[in-house]
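Asks: need a structure here:
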Amino acid sequence: MTSHYLSRWGATALLSLALVPGHGQARKAAAKPGPATSVACWLSTADQKQLLQRQPGPLAFGTAAAAGPVIEVDDRQRFQTMDGFGYCLTGGSAELLRAMSPAKRTALLRELFGTADNGIGVSYLRLSIGASDLDAQVFSYDDLPAGQTDPTLAKFSLAPDERHLIPVLKEILAINPRIKLMGSPWSPPTWMKTNGESKGGSLKPEFYPAYARYFVKYLQGMQAQGIRLDAITVQNEPLHPGNNPSLLMLAEQQAEFIGQHLGPALKAAKLDTKIICYDHNADKPEYPLTVLGNATANPYVDGSAFHLYAGPIEALSKVHDAYPTKNLYFTEQWVGSKTAFAGNLGWHVKQLEIGAPRNWARTVLEWNLAADPQQNPHTPGGCTECLGALTLAGDAVTRNVAYYTVAHSSKFVPAGSVRVGSTSAGVLPNVAYRTPTGGHVLLVQNDQATPQTFSLRYQGHTVPATLPAGAVATYVW
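Replies: The predicted structure follows:
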């Protein structure tokens with residue numbers, strides 16, 4: 001994984017939202033304006049003096065002339081429906097949560113997954129199928145001594161997840177029964193692999209049928225625990241066999257596995273879990289295009305998943321344009337523990353929370369939910385600098401930058417919201433939504449080194465705003 005660095009952010013200034021007296025006209029095609037509507041604003045600044053802080057108000061749209069660049073929200077332009085915003089709930093995250101006292105853990109989970117009071121409404125989680133590199137040790141659900149195989153999966157067991165992950169998921173589901181879950185494997189059992197090791201290697205073709213059954217048994221086993229997965233990806237980072245665990249799976253291999261084995265196996269088991277291909281960086285859109293271009297695999301594939309350790313976020317739109325009926329998901333991005341809050345706040349909001357949905361992503365997920373103060377646990381050779389959205393030291397909780405970047409969306413944009421039109425102002429990257437209850441949300445980031453004044457306009461009514469340098473704001477009406 002590679003970190004991202006941006007230019008230094010300028011000094012922050014106070015947010016100012018003020019009604020300006022005057023007179024303005026709606027654009028010719030706008031719908032007839034309704035009565036003035038109150039607007040609420042939550043702000044995070046690069047200097048951390050304000051973090052998801054609700055601003056004094058409420059404020060109201062008026063008929064004042066627009067001040068500065070205009071961000072016009074047009075909910076007649078409708079794009080994708082959002083499945084949710086959230087994190088990767090690694091086995092290590094679950095282990096740290098389970099180490100908390102029950103009362104403190106319950107309070108934290110209600111904050112993360114609830115919507116009342118200080119809840120941030122996380123609505124989507126990605127799980128590892130077997131171990132990720134942020135588990136304390138490598139495991140699969142069918143580990144055997146070297147030289148043995150189990151093609152019938154007689155020894156398959158979810159026992160490794162029953163200690164921490166499954167109990168935490170049950171607590172989360174009690175708070176938000178509608179949360180959507182995605183599962184991603186880092187590696188098959190080593191006996192299925194060409195090198196017989198957890199790191200690297202490829203899936204042996206003779207074990208394609210067994211590995212498809214492995215997915216089925218995983219989904220059925222989780223379902224028996226009351227945990228339904230909405231989607232699976234076939235392989236985390238299939239072009240990165242250097243992690244521990246990991247697997248090299250080329251596009252042609254993935255297409256064959258989906259089309260001839262995994263898709264038919266899920267169908268035969270009457271499982272409606274979505275199959276999502278790729279799950280790697282935006283620099284290789286040809287990978288999902290190859291899978292989607294395979295006539296046998298295509299009917300089974302719901303869409304493609306992306307990370308952004310390489311390539312431009314706009315590559316997602318290239319895949320959408322080629323296959324507009326297939327969905328797109330943004331599923332992972334880390335924060336380096338040695339990088340600065342200000343640069344991370346700006347980059348992650350601009351590229352992920354704004355950039356991914358503007359390029360058709362239905363999810364935005366950060367990696368990962370929690371680590372301890374030394375960025376543990378992790379496997380031997382796993383990530384040693386992955387800063388969690390939370391740092392957990394027993395019952396002590398520190399909220400880090402990914403907590404706030406996700407919360408600026410998850411708290412206000414519930415699953416089922418639809419991305420709607422919002423104009424680019426040249427600067428001030430932004431994305432807008434209409435919620436299932438008819439509300440509106442606009443997320444704006446000031447990516448400049450100086451404060452920026454602009455006008456938010458909806459149905460001919462405006463409210464001027466000024467964002468400090470490097471700041472992020474969510475406007476709700």
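
Asks: Secondary structure class of residue 433, three-state.
Replies: strand (DSSP: H, G, I helix; E, B strand; the rest coil).

Asks: That one: how many residues sit nearby?
Replies: If you count neighbours by other C-beta atoms under 10 Å, residue 433 ends up with 25. Every residue, glycine included, has its C-beta placed from N, CA and C.

Asks: roughly how far apart are it and residue 128?
Replies: When distance is defined by C-beta to C-beta, to the nearest Å, residue 433 is 29 Å away from residue 128.

Asks: Likewise for residue 369?
Replies: The spacing between residue 369 and residue 128, counted by C-beta to C-beta, is 12 Å.

Asks: Find the residues that touch each one of the two.
Replies: Residues touching both residue 369 and residue 128 by C-beta atoms under 8 Å, 6 or more residues apart in numbering: 88, 90.

Asks: Which one's more surrounded, those two?
Replies: Shown here are residue 369 and residue 128; by other C-beta under 10 Å, residue 369 has more neighbours (29 against 24).

Asks: OK, contacts around that one?
Replies: Residue 369 touches 87, 88, 89, 90, 93, 125, 388, 389, 390, counting by C-beta under 8 Å, 6+ apart.

Asks: For PyMOL, what selects the buried ones among the residues you listed?
Replies: Remark: buried members of the contacts of residue 369, expressed as a PyMOL selection using 16 or more other C-beta atoms under 10 Å:
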select buried, resi 87+88+89+90+93+125+388+389+390
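
Asks: Can I get the contacts of residue 369 in JSON lines including pLDDT?
Replies: Listed next are those as JSON lines, based on pLDDT from 0 to 100:
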{"residue": "87", "pLDDT": "98"}
{"residue": "88", "pLDDT": "98"}
{"residue": "89", "pLDDT": "98"}
{"residue": "90", "pLDDT": "98"}
{"residue": "93", "pLDDT": "98"}
{"residue": "125", "pLDDT": "99"}
{"residue": "388", "pLDDT": "98"}
{"residue": "389", "pLDDT": "98"}
{"residue": "390", "pLDDT": "98"}
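
Asks: What is whichever strand or helix holds residue 172 packed up against?
Replies: Here residue 172 sits within helix 165-175, counting by DSSP states H and E. Judged by 3 or more C-beta pairs under 8 Å, 6 or more residues apart in numbering; DSSP states H and E, helix 165-175 is in contact with helix 91-98, helix 102-113, strand 124-129.

Asks: switch to 7 Å and redo it
Replies: Helix 165-175 sits against helix 91-98, helix 102-113, with contacts defined as 3 or more C-beta pairs under 7 Å, 6 or more residues apart in numbering; DSSP states H and E.

Asks: Out of those helices, indicate the one that is most buried.
Replies: Mean neighbour count (mean count of other C-beta atoms under 10 Å) peaks for helix 91-98 among these, with a mean of 24.

Asks: what angle sits between that one and helix 165-175?
Replies: On the basis of axes from the mean of the first three to the mean of the last three C-alpha atoms, to 10 degrees, helix 91-98 is oriented at 70 degrees to helix 165-175.

Asks: List the buried residues for the longest strand along the chain?
Replies: Scanning the chain for the strand with the most residues, using DSSP state E, yields strand 70-81. By neighbour count on 16+ other C-beta under 10 Å, the buried set for strand 70-81 is 70, 71, 72, 73, 74, 75, 79, 80.

Asks: likewise stretch 389-406?
Replies: Result for stretch 389-406 [16+ other C-beta under 10 Å]: buried residues 389-392, 397, 399-406.

Asks: which of the residues you listed sit farthest apart?
Replies: Spatial extent of those (C-beta to C-beta) is set by the pair 392 and 405 at 18.5 Å.

Asks: still on that earlier bit, as CSV, the helices and strands packed on helix 165-175 with distance to residue 242 would be great.
Replies: Compiled in CSV, the helices and strands packed on helix 165-175 are given as follows (distance: least, C-beta to C-beta, whole Å):
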stretch, distance to residue 242
helix 91-98, 20
helix 102-113, 32
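
Asks: So for residue 269, which of these sits nearest?
Replies: Nearest to residue 269, of all these, is helix 91-98, at 25.1 Å by C-beta to C-beta.

Asks: what mean pLDDT would you report for the strand or helix carrying residue 402?
Replies: Applying DSSP H and E as the criterion places residue 402 in helix 401-410. Averaging pLDDT along helix 401-410 gives 98.

Asks: do stretch 316-336 as well
Replies: 98.

Asks: Likewise for stretch 62-78?
Replies: 90.

Asks: Any stretches of this protein with poor pLDDT?
Replies: 1-36, 425 (pLDDT under 70).

Asks: who does residue 125 bridge with?
Replies: residue 87, residue 181 (DSSP bridges).

Asks: looking at the helices and strands packed on helix 165-175, which is closest to residue 384?
Replies: Using C-beta to C-beta, those put helix 91-98 closest to residue 384, at 12.2 Å.

Asks: Could you list every helix and strand that that closest one packs against?
Replies: Counting contacts by 3+ C-beta pairs under 7 Å, 6+ apart, helix 91-98 packs against helix 165-175, strand 370-371.

Asks: Please enumerate residues in contact with the shortest one?
Replies: Translated: strand 370-371. 92, 93, 96, 97, 386, 387, 388, 389, 390, 391, 392 (C-beta atoms under 7 Å, 6 or more residues apart in numbering).

Asks: Check stretch 102-121 too.
Replies: Stretch 102-121 is contacted by residues 97, 122, 171-172, 175-176, 179, 395, 397, 407, 410-411, 414 when judged by C-beta under 7 Å, 6+ apart.

Asks: Let's see the distance spanning it from one end to the other.
Replies: 20 Å (C-alpha to C-alpha, to the nearest Å).

Asks: and it, how far from the chain's centre?
Replies: Counting by C-alpha atoms, centre = their mean, to the nearest Å, stretch 102-121 is centred 19 Å from the centre of its parent chain.

Asks: Kindly report the same for stretch 325-338.
Replies: In terms of C-alpha atoms, centre = their mean, the centre of stretch 325-338 is set 5 Å apart from its chain centre.

Asks: Quick check: buried residues in that stretch?
Replies: 326, 327, 328, 329, 330, 331, 332, 333, 334, 335, 336, 337.

Asks: Please list all residues in contact with the last one.
Replies: In other words, residue 337. Counted by C-beta under 7 Å, 6+ apart, residue 337 has contacts 375, 385, 386, 387.

Asks: Identify the bridge partners of the third one.
Replies: Right, the one you point to is residue 386. Under the criterion used (DSSP bridges), residue 386 bridges to residue 336.

Asks: roughly how far apart are it and residue 184?
Replies: Taking C-beta to C-beta, one finds residue 386 at 16 Å from residue 184.

Asks: cool, residue 257 as well?
Replies: 15 Å.

Asks: Pretty sure residue 232 sits against residue 277.
Replies: No: Residue 232 is beyond contact range of residue 277, at 10.4 Å (criterion: C-beta atoms under 7 Å).
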